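*Asks:* Okay, structure incoming, though there's no sequence with it:
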């Protein structure tokens, strides 16, 4: 539902509603917010101080503001509130010289790289779980490969085969096939560029191209043959280790899931859960179809997780740097 509040706020309205069809959630276009980190901070600070506002996120790249509010508020009331906040910001900006303008955000200590110490200090808490997951996956790969468990696991999975499950697994594995992955990547990249999210578009392109290239190099390095325990029902080529479906899916779908969780923080747990289910299902489909050893899939997840983390941290640091320079 698109609603224009110009008639309510006057012909020179600074606020335009973009989406108000979900109760307790509305998105607005704010005039002057585009490329203004100062207004972004001011809006978020003022909104957080308002009773009844559950969450507010201003995006200076798109000029949009997402507001989650209690049911007793109306989208019209939020629009009025945003209008008044922007007007206050403009009056303060005109009346106060730069030397006496109030600090809206506490000053930060900046490192030689242009990043705040707070931004740098937040990285360990985010990287430690990833490092632990990578270590666990690497250990699992070594155990499977050294104890002959690869073959036993595949033979156990073979007992699950049914004609219906065969078709389901072929459908699931198609989400990691080059044609569908290429279509997914191009579609998501186009969405990001259309919404002027150039940093996210750059990060996603780097993640996808880098993940595919790294997988190809690793396959050429290890030159491991695929299992041949039964006849394949799909066509496969190239080497087996690490699994390209596992590695590239965790990079591509993980990157998309991360972006969606940033855009819709109120659904973060659901987005995370669905993303993990999809990635795990793709990996299991490769085992079910007998085209990869279990250690191939686990190693693919480990390598993909590292590359995905590199790309996410890259985007995070550039975002923090842009904020610090404001």
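*Replies:* Noted; the coordinates are in hand. Here the structure is a predicted model, which means the values were calculated and not measured.
*Asks:* so where do the helices sit in the stretch 151-300 of the chain?
*Replies:* Counting by DSSP state H, counting those that start in this stretch, the stretch 151-300 of the chain has these helices, from start to end: 163-173, 178-194, 198-222, 244-263, 268-288, 294-325.
*Asks:* ok, the nearest residue to residue 165 once chain neighbours are set aside - contacts?
*Replies:* Nearest in space to residue 165, with sequence neighbours left out and distances taken as CB to CB, 6 or more residues apart in numbering, is residue 288 at 7.4 Å. For glycine as for every other residue, the C-beta is placed from the backbone atoms N, C-alpha and C. Contact analysis of residue 288 by CB atoms under 8 Å, 6 or more residues apart in numbering lists 157, 160-161, 165, 169.
*Asks:* and residue 243, what pLDDT?
*Replies:* Per-residue pLDDT puts residue 243 at 92.
*Asks:* follow-up on the earlier one: now rank the contacts of residue 288 by neighbours and give me the top one.
*Replies:* residue 169 (22 neighbours; other CB atoms under 10 Å).
*Asks:* measure the most centrally placed residue in the chain to residue 64 for me?
*Replies:* Of all residues in the chain, the one closest to the mean position by CA atoms, centre = their mean is residue 258, 1.6 Å from it. Distance, residue 258 to residue 64, using CB to CB, to the nearest Å: 19 Å.
*Asks:* ditto for residue 201
*Replies:* On the measure of CB to CB, residue 201 and residue 64 end up 16 Å apart.
*Asks:* Now do the closest residue to residue 244 other than its chain neighbours against residue 20, distance only.
*Replies:* Leaving aside its sequence neighbours, residue 244 sits nearest to residue 215 (CB to CB, 6+ apart; 4.7 Å). Distance check for residue 215 against residue 20: by CB to CB, it reads 43 Å.
*Asks:* Who has more neighbours out of the two?
*Replies:* residue 215 (23 against 20).
*Asks:* Contact partners for that one?
*Replies:* 242, 244, 247-248, 300, 303.
*Asks:* mind putting these in a markdown table, neighbour count and distance to residue 173 included?
*Replies:* As requested, these are exported to a markdown table (neighbours: other CB atoms under 10 Å; distance: CB to CB, whole Å):
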| residue | neighbour count | distance to residue 173 |
| --- | --- | --- |
| 242 | 27 | 16 |
| 244 | 27 | 11 |
| 247 | 30 | 14 |
| 248 | 25 | 12 |
| 300 | 30 | 13 |
| 303 | 24 | 19 |
